[in-house]
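K.L.:
The sequence and its predicted three-dimensional model are supplied below.
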Amino acid sequence: GFVVGHAGLYQALAMFAVAYFIIGMTVLSVCAIATNGALDAGGAYYMISRALGPEFGGSIGIMFFLANVCGSALYVLGLVEAVMDSFGIPPGQKVGTGVHVLPQSYWYELLYGTVLLALCLLVCLVGASIYAKATFLIFLIVAVVLGTILVSFFATRPIRVPILLPHLNGSEVENGSFTGFSLTTLRKNLGGDYGVDYTTGLKMSFSSVFAVMFNGCTGIMAGSNMSGDLKRPSYSIPRGTISAVLFTYLVYNLLAVLMCATCNRTLLQKDYGFLHDISIFPPLVTVGIYAATLSAAMSNLIGASRILYALARDDLFGRALALAKKTSASGNPVMAVILSWLVVQLVLFSGKLNTIAGVVTTFFLLVYATVNLACLALEWASAPNFRPTFRYFTWHTCLLGIAGCCIMMFLISPVTASASLGFLLLLLLALHYLSPSSTWGYISQALIFHQVRKYLLMLDVRKDHVKFWRPQMLLMVQNPRGSARLIDFVNDLKKSGLYVLGHVELQDLDMLPSDPLQPQQDSWLSLVDKLNVKAFVSLTLAPSVRHGVRQLLFTSGLGGMRPNTLVLGFYDDEAPQDGLARHPAFTSTREEVPLGFPPLRAPTTPKMLSAREYVGIVADALKMLRNVLLARQLESLDKAWELRRAASPPPTIHVWPVNLLRPDSARYADTCSLFLLQMACVLNMARAWRRARLRLFLCVEAGTMPHAQEEKLRQLLKDLRIQAQIQLVPWDAITRLHWQTCRGPPGGPAGEEEEEEEGIVNFPTNTTQVSDEYVCAANKLVLEQSPAPAVRFLYLPRPPADTSLYPLYLHQLELLTRGLGPTVLVHGVSAVTSTQL
């Protein structure tokens, strides 16, 4: 009557259509989730948390708990209003007459609400079985009352109903009319005529009337909330919920039409209990109203308690809800019921039904939107295990349900909707950072997998362009205990590219009962989390380290995301240091270092690979067209100190883009030199290294026009958009040492023969031509450049073709980088720089 009186028949039918459209879409989603596996206590909370994960589940669980709590209070207040209409002393009178003996005031009505809520509490404390019996009895009573009301519309003769309304000067009487079926009455009631709600004194509108009306439709979750108490929830919930929705929709529409055709607007707007006056048996209507509101109040109270119990049992909020876990001997969550009752009692202080109707409706719409979202996510994830037996839904119905809920939520009350979403967001963030990880499965992982697979298929390597090149790193790690800072450093070098931590285990699977790598995977993933690096982990078994690295270079990555750069630690005789124990990720917290990694190799223990095999790995990578980085003494790089010190000169990165082991072919524009420049620039672009300055060293000889070389190099840097300071370094004395050991002068036959070879950076004979004296002098030249940098980038020559020269090649690299501190030797094989737009 309230809805039809203010909105008129057309708008009332439109409200029912909108409300039941939203509810219908949500019911389809509820039925789909409910028939996709075993349900437990918690209803919608259980469905959402197991589908969307603990963050969404916990936050929506709290919202749904509040919705049920406010809903229970709303129905209790509605029952109080009905009791006041029947037994309250009329406004303006001090003494009651007949059955009107109950005094009316805010505090008296709060007392009556408290008594009625205590009755609901008693039923819910006894348990779900007595509640189920009580609700079935109430259902029968309401059905009988509904039958008598429908008969009354036809059987009752036209009557005038005096309505006593409160007024500033006491009270006044208005007359409402029950006209019987009248075309005139129907025409007058077709359009809307929003008046003042006599219980609150507020002017009504479409949204405020819809908010009150929608609370008569929120019972669709009553069955779901009791999912833990049902024998066959996946069977009962779809059938019970769908039949209830269809039944109530037909009844509401039928009542709206009958009321519009028989009651004038004054009666509908001014007397919400008018059905009592027109009934053929008035006391039965009173009983029906009491039964319906009492049933709804109990349903919401027991639903709230089951949600609270499920939240407490899942430990999402820790000790805050520990009390709600306690149950009776029969399994009834009595403490959850009592806590829910206390919160409902607090909501009763709001005083009037229509005051909290908007808040309750907003909460329910938010929950319904999330139920639809859960079903939509499950459908879009295309997981093989999402096989609900209820198939009458699609992603379109889920999307329509979400859109309908969100639109109506903001139409009813933009402020309440925004506040609810803000509160939901706060709960989401709190649970994301504070709640323990769950074993329910995260729908986000399924959705990410689905999208990543789709986009990986779209990533076509044939469309690669040098403009969009980025480093994709494979860092080989023997033991993370000795490589923590190297792992950090390479994370800064990757520039949003792929980063893979590779590890080779020297074992034979034929000799083992099971894969030994699976137990290690968790330790490596925990390490990645603790070090906060964006890396994948790839472990392999192989008879030798070289074979293992080959496997990883061939198989790491997927589609267009494959490593293009191999990073190795340097091969020397220094004893490894446990940098993991000193890493800030473990020293800043009280957490222990992961114990899944073995202790570091003792200095006396032989290495896992020989010098020849180490150089062979470098050669293999270059043959496979992978760039190579060799990192020496990176564990001595204290990045936090280097980059945050308050000294006036910022830290520097020294770049030597010349092949120091081959002074007779010193060029700055070959592929390898440009790759070295690119890697130094990429490091400088990383957030942690932006304070650092690049210093580029140009080695010049007398009589070679150094200023022209400098200008040419400066133009190259300008074209490449690389900001660096160029420093000229005379090295005549050092090159003289080189030519003393060679067979002839730079312009001799040997030099000409070597220059004819294109595409080869180093020649087989060159390794033997470079003396230790020369290499030590080159090392001293690099070391003398002050101030000392945070890190140095040096040119890495190609290994000699003669494998017998591998140990000599490695010896020269060791001499060249000895005592230089953190140093990266770089060899590039692919074009990585572009001067194009």
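P.N.:
Happy to help now that I have it.
K.L.:
Arg453 - how many residues pack around it?
P.N.:
Using other Cβ atoms under 10 Å, Arg453 is surrounded by 13 other residues. (C-beta placed from N, C-alpha, C; glycine too.)
K.L.:
how close does it get to Leu339?
P.N.:
45 Å (Cβ to Cβ, to the nearest Å).
K.L.:
Next: Val245.
P.N.:
Counting by Cβ to Cβ - Val245 and Leu339 are separated by 30 Å.
K.L.:
Those two: who's more crowded?
P.N.:
Leu339 (21 against 18).
K.L.:
Tyr309 versus the more buried one, what's the distance?
P.N.:
From Leu339 to Tyr309 the distance is 9 Å (Cβ to Cβ).
K.L.:
so what's Asp522 closest to, chain neighbours aside?
P.N.:
Gly596 (7.1 Å; Cβ to Cβ, 6 or more residues apart in numbering).
K.L.:
Do you have the strands of the chain handy? List them.
P.N.:
159-167, 170-178, 473-476, 499-506, 536-542, 565-569, 627-632, 652-656, 693-700, 725-730, 791-795, 823-827 (DSSP state E).
K.L.:
Which positions in the fifth one come out as buried?
P.N.:
Pointing back at strand 536-542 there. 536-542 (16 or more other Cβ atoms under 10 Å).
K.L.:
which residues are in contact with both of Leu339 and Tyr309?
P.N.:
Ala324 (Cβ atoms under 8 Å, 6 or more residues apart in numbering).
K.L.:
ok, back up a step: and the buried residues of strand 536-542, which is closest to Ser636?
P.N.:
Comparing the buried residues of strand 536-542 against Ser636 with Cβ to Cβ places Val537 closest, at 25.3 Å.
K.L.:
Look at the spatially closest residue to that closest one that is not a sequence neighbour and say how many residues are nearby.
P.N.:
With sequence-adjacent residues excluded and distances taken as Cβ to Cβ, 6+ apart, Val537 is closest to Trp524, at 4.3 Å. Per other Cβ under 10 Å, the neighbour tally for Trp524 reads 22.
K.L.:
quick one: contacts for Ser514?
P.N.:
Taking Cβ under 8 Å, 6+ apart, one finds nothing in contact with Ser514.
K.L.:
Could you shift the numbering so residue one becomes 678, and keep it that way?
P.N.:
Understood, numbering begins at 678; the last thing we discussed is Ser1191.
K.L.:
Could you tell me the model confidence score at it?
P.N.:
Ser1191 carries a pLDDT value of 87.
K.L.:
Please report how far it lies from Ser1090.
P.N.:
Taking Cβ to Cβ as the criterion, Ser1191 is separated from Ser1090 by 60 Å.
K.L.:
List the residues that contact the residue nearest to Asp1199.
P.N.:
1196-1197, 1199-1201, 1203.
K.L.:
For Asn1361, list the residues it contacts.
P.N.:
Taking Cβ under 8 Å, 6+ apart, we find Asn1361 in contact with 1330, 1367, 1369, 1371.
K.L.:
From those residues, list just the buried residues.
P.N.:
1330, 1369, 1371.
K.L.:
Run a quick neighbour tally on the residue nearest to the second one when sequence neighbours are not counted.
P.N.:
Counting by Cβ to Cβ, 6+ apart, Pro1328 is the residue found nearest to Ala1369 once chain neighbours are left out, at 4.8 Å. Neighbour count of Pro1328, defined by other Cβ under 10 Å: 20.
K.L.:
Next one: the residue nearest to Gln1355 when sequence neighbours are not counted from Leu1397, what distance?
P.N.:
Nearest non-adjacent residue to Gln1355, counting by Cβ to Cβ, 6+ apart: Val1509, 4.8 Å away. In this view, Val1509 and Leu1397 are 10 Å apart by Cβ to Cβ.
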